[in-house]
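Here is my input; please provide its structure:
(2 chains)
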Amino acid sequence: MNPVLESTWRDPPGLWGTLCAIDHKTIGKRYLVTAFGFFLAAGLLAALMRLQLARPESTLIGPDLYNQLFTTHGTAMMFLFAVPVMQGMAIYLVPLMVGARAIAFPRMNAFAYWVYLFGGLFLFISLLFDVGPDAGWFSYVPLAGPQYTPGKRTDVWAQMITFTELSGLLAAIVVIATVFKLRAPGMTLARLPLFVWAMLVTAFMILFAMPSVMLASTALILDRLVSTHFFNPAEGGDALLWQHLFWFFGHPEVYFIFIPGLAFMSSMIPTFSRRPIYGYPAIVLSLTTTAFLSFGLWVHHMFATHIPDLGKSFFTAASMMIAIPTALQIFCWITTMWKGRLDLRTPMLFVLAFFFILVLGGLTGIMVASVPLDLQLHDTYFVVAHLHYVLLGGAVFPLFGAWYYWFPKITGRLMSERLGRWQFWLFFIGFNVAFYPMHHLGLQGMPRRVYTYPVEMGWGALNFLSTVGAVMIVASVLVFIVNALRSYRRGMLAGENPWGAGTLEWATASPPPAYNFERPPVVRARDPLWQPIAEPPAEPTQVTGLAERAREVLVTTVLDALPSHRLLFPQPSVWPFVSAITVTVLFIGSIFTPWALVWGGVPVAIAVTLWFWPKRREQLDSLALEKRP
Amino acid sequence: MNHRSLDVSGLPSYKFSHASLMWWGLMGLIAIEGMAFALSLAMYFYLWSQAPQWPIAAAPPDLRWGTLNVLVLFASIFPNHWTKRVAEQGNEPAMRLGLLVCGLFGITLIAVRALEFTTLNCRWDTNAYGSIVWLLLGLHTTHLVTDVYDTLVLAALFFTPGPREGRRHVDVSENSMYWYFVVWSWLPIYAVIYLVPRLTQWTA
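Take a look at the predicted model:
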């Protein structure tokens, strides 16, 4: 530990320091804990739904509450868990993996977190007050329009979307700027770890997809609040416009939840196969191809509408085509494992489960990509089964693996292998018991989003089985929590690199110091820690000459990561927090009156101005280090 | 293990344009907002494709103020370009003048924009045509107002007594960059709001 660097880079102590924190590791951990909290809350709602459906004609939960439960479950899982948790992983790990002292725009990063937290709390607090949204997680008009859903429930949904998407967009900019400009010297794009490639691709997808849903939710709330007619067919509007705007975002969203899952896979597989990844260029090309293709699939969510047949054929073809890059990556991973020496630790169990579950989800995906079959299965439990196989198999299984894998880096201690295996098998079996029967229920015609069903339908047994699976999943998550808490206090000390991995985050202490690296590394290979260094080294191995008493970082060039300039980074500040509060007031106010956009804008402008305004101390520090270009 | 060091202490402490971190952050914002504009324009054409006549029960917006805005916006490129150049030379007195002139241009544009809203010949709550026209103009106005505010805050900073670091000049340079986006994004929006309704009437 270098005490000078530590005091330079540390967030301030105490409650005040908590509000001012900008260290990417602090913010990343907050994202992970917050997203896990929303995962538990939304999971609890799912467990309630499963209890209600366990037997026919159950009266445990009424239709109105049930509508709020499934809407909040879907909304929270997609917007408050799946996307932010992946961004949290990126925010914690990307700067470490590229050998940087800090993340780009650290204050904006903190601001994005606070906006996300307040938006998420807003959704769940609304649910507690019986104004939880109830029109489904994709909030279709005309149901969600002013005529069929009066009251504030859909307004809560619309503003929560605008909140969290704002946060997601800012976090994407932060990741892109970090990857492009703050890489260690020598880490050319061709040496970028696959994890970072995947997070970069994800960030770009967010940049181009999320504006669509923000625009949609804004148009929806305008229809509801100031009587515009975007979605009102009586006055020249169109209900399908909503579906286009929503799914132009919604389909890429599935992939920017899935691609980080691939990032975890490509990190864990080489480590536990004890060899570099096979087919690095093929994997990078697959990731980018998937990103492009994912923008050409959105209409396959709309096969049950009056879209022209030619259009449907195009989107069927595109939906089939996107299986190709994913398959390519799967073959690269299989080759890596085949040619390596496999070490079946807990993270690897989750990796192997990915192959099983995602492939099943992918196969049902090919089924519903065909128009005639989709018309039969649309809005049935078959789709519920399909989407959970894809999302849990593609993202949540690798995510749990990733948590076991990086937990020692974040906390300095390893998680228990024994409890890890218990959790894995409970989760794997519980998942299949819960979701596999839904395929059959869907084929038998059980529609989604019904709060109960008559005995005569004969769906009781499979629904009961599904609820048993849900209970196993709850047990598995409890085991995970116990494991995490116990290991956090008493787990085996991890050291720098407990798994013998090859990427840079393992080149520093666990948990990493505030400054990440005492001397930022110079990179010569894709797996820098597996690259032998000649004694004495022929080339530079580390960076010196950055200030120690000021927050100075090295900026490099985009393609080749050649040293470009030194840059002074901002100090911790409370203004991102205050700005997030003012933005929250504006958003929540706008549910009640459009004028909130005007008077609510004033405190926002004041807060961001004070945020930007330089302090004299910082200016003097900066001048002392200044060197004109 | 032996180490060899790469000494970076001799490197400059800031750089302009795409070498800077700020430029990349700004490009991210421009990508997001450009996407929002593109999608709003797509909404316009989608709604048009669903309508039996276009504009729906309204005369096209009056050309006067919107066209004036095109002229003033393009004229404002010159002071912005000049301010960007003097920022990159590090000439602070010139930057102060430049920011003031850019700010004045911005205020003029907001005033003209206010007049523009009065001559659209439609309301947002009459029908979908009115809604999308107001959305397009509203979206662009938001960008206009925020960038003018940004320019004025920068101007205020440069009028307060120093010391001032050279990296603040990067902020001035990037502020002009963002203004270019505000100017160029207006062209397609202007064409759609003002010319498309005339085109449809003329072809009908």
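
For chain B, what's the nearest residue on the stretch 401-550 of chain A?
A:Gly545 (3.1 Å; CB to the nearest CB). Every residue, glycine included, has its C-beta placed from N, CA and C.

Next, count neighbours for residue 13.
Since you didn't name a chain, this refers to chain A. By the measure other CB atoms under 10 Å in any protein chain shown, the count of residues near A:Pro13 is 8.

wrong one, chain B
B:Ser13 has 22 nearby residues by other CB under 10 Å.

repeat for A:Gly120
The tally of other residues near A:Gly120 (other CB under 10 Å) stands at 26.

correct me, but it touches A:Phe39?
No: between A:Gly120 and A:Phe39 there is no contact under CB atoms under 8 Å: 10.9 Å.

Assign a three-state SS to B:Asn121, would you?
Following DSSP: H, G, I helix; E, B strand; the rest coil, B:Asn121 is assigned to coil.

can you count the residues close to it?
14.

In terms of helices and strands, where is the residue nearest to B:Met35 when sequence neighbours are not counted?
In space, and not counting its chain neighbours, B:Met35 is closest to A:Pro211: 4.2 Å by CB to CB, 6 or more residues apart in numbering or on different chains. Using DSSP states H and E, A:Pro211 maps to helix A:194-225.

And the next helix or strand past that helix?
Following helix A:194-225 toward the C-terminus (DSSP H and E): helix A:239-273.

Please list the outside residues in contact with the helix or strand following that following helix.
Note on helix A:239-273: by DSSP H and E, the next helix or strand toward the C-terminus is helix A:280-294. Outside of helix A:280-294, the residues within contact range by CB atoms under 8 Å, 6 or more residues apart in numbering or on different chains are A:194, A:197-198, A:201-202, A:204-205, A:251-252, A:254-256, A:259, A:262, A:266, A:277, A:318, A:321-322, A:324-326, A:328-329, A:332, A:526.

any weak-confidence spans in chain B?
B:1-2 (pLDDT under 70).

At which residues are the strands of it located?
For chain B, applying DSSP state E gives strands covering B:5-7.

Tell me where it has helices.
In chain B, helices defined by DSSP state H lie at B:21-50, B:63-89, B:92-118, B:128-159, B:167-190, B:196-203, listed in chain order.

Now render those as CSV, adding mean neighbour count.
Below are these laid out as CSV (neighbours: other CB atoms under 10 Å in any protein chain shown):
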stretch, mean neighbour count
helix B:21-50, 19
helix B:63-89, 17
helix B:92-118, 18
helix B:128-159, 20
helix B:167-190, 20
helix B:196-203, 13
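
where's A:Val553 relative to chain B, distance?
Computed with CB to the nearest CB, to the nearest Å, the distance linking A:Val553 and chain B is 9 Å.

can you pull the contacts of the closest residue to that residue other than its chain neighbours?
Leaving aside its chain neighbours, A:Val553 sits nearest to A:Arg101 (4.7 Å; criterion: CB to CB, 6+ apart). By CB under 8 Å, 6+ apart, the residues touching A:Arg101 are A:Trp9, A:Pro95, A:Tyr515, A:Asn516, A:Phe517, A:Pro520, A:Leu546, A:Arg551, A:Glu552, A:Val553, A:Leu554, A:Phe569.

Please report phi then psi for the last one.
Spelled out, that is A:Phe569. phi -90, psi 160 (degrees, to the nearest 10).

Now do the contacts for the residue nearest to B:Val72 when sequence neighbours are not counted.
Nearest residue to B:Val72, sequence neighbours excluded (CB to CB, 6+ apart): B:Leu109, at 5.6 Å. Applying CB under 8 Å, 6+ apart to B:Leu109 gives the contacts B:Asn69, B:Val72, B:Leu73, B:Ser76, B:Leu144, B:Val148.

ok, 7 Å please
Residues near B:Leu109 by CB atoms under 7 Å, 6 or more residues apart in numbering or on different chains: B:Asn69, B:Val72, B:Leu73, B:Leu144.

quick one: it from A:Pro572, how far?
37 Å (CB to CB, to the nearest Å).

Just give the nearest non-adjacent residue to B:Pro79, would you?
B:Val101 (4.4 Å).

Check A:Leu240 too.
Nearest one to A:Leu240, counting by CB to CB, 6+ apart, is A:Thr305 at 6.0 Å.

where's that neighbour relative to chain B, distance?
13 Å.

do the same with A:Met199
14 Å.

State the number of residues packed around the closest residue to that residue other than its chain neighbours.
Closest residue to A:Met199 apart from its sequence neighbours, by CB to CB, 6+ apart: A:Ala90 at 4.2 Å. By other CB under 10 Å, the residues close to A:Ala90 number 30.

What's the local residue count around the residue of chain B at minimum distance from chain A?
Among all residues of chain B, B:Ser9 sits closest to chain A, at 3.1 Å; criterion: CB to the nearest CB. A count of neighbours around B:Ser9, defined by other CB under 10 Å, yields 12.

Now B:Ser20. Its backbone dihedrals?
phi -90, psi 160.

Tabulate the contacts of B:Leu109 (TSV), appending distance to A:Phe350.
Formatted as TSV, those follow (distance: CB to CB, whole Å):
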residue	distance to A:Phe350
B:Asn69	57
B:Val72	59
B:Leu73	55
B:Leu144	50
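
And those residues, which two are furthest apart?
Of all pairs drawn from those, the greatest distance, 11.1 Å, lies between B:Val72 and B:Leu144 (CB to CB).

mind checking how far the most centrally placed residue in chain B is from B:Ser76?
With distances taken as CA atoms, centre = their mean, B:Val182 lies nearest the centre of chain B, 1.5 Å away. Between B:Val182 and B:Ser76 the distance is 9 Å, computed by CB to CB.

likewise A:Leu262?
A:Leu262 is 46 Å from B:Ser76, by CB to CB.

Now do the residue nearest to B:Val72 against A:Val299, distance only.
B:Leu109 is 39 Å from A:Val299, by CB to CB.

and if you look at B:Trp82?
For B:Trp82, the distance to A:Val299 (CB to CB) stands at 48 Å.
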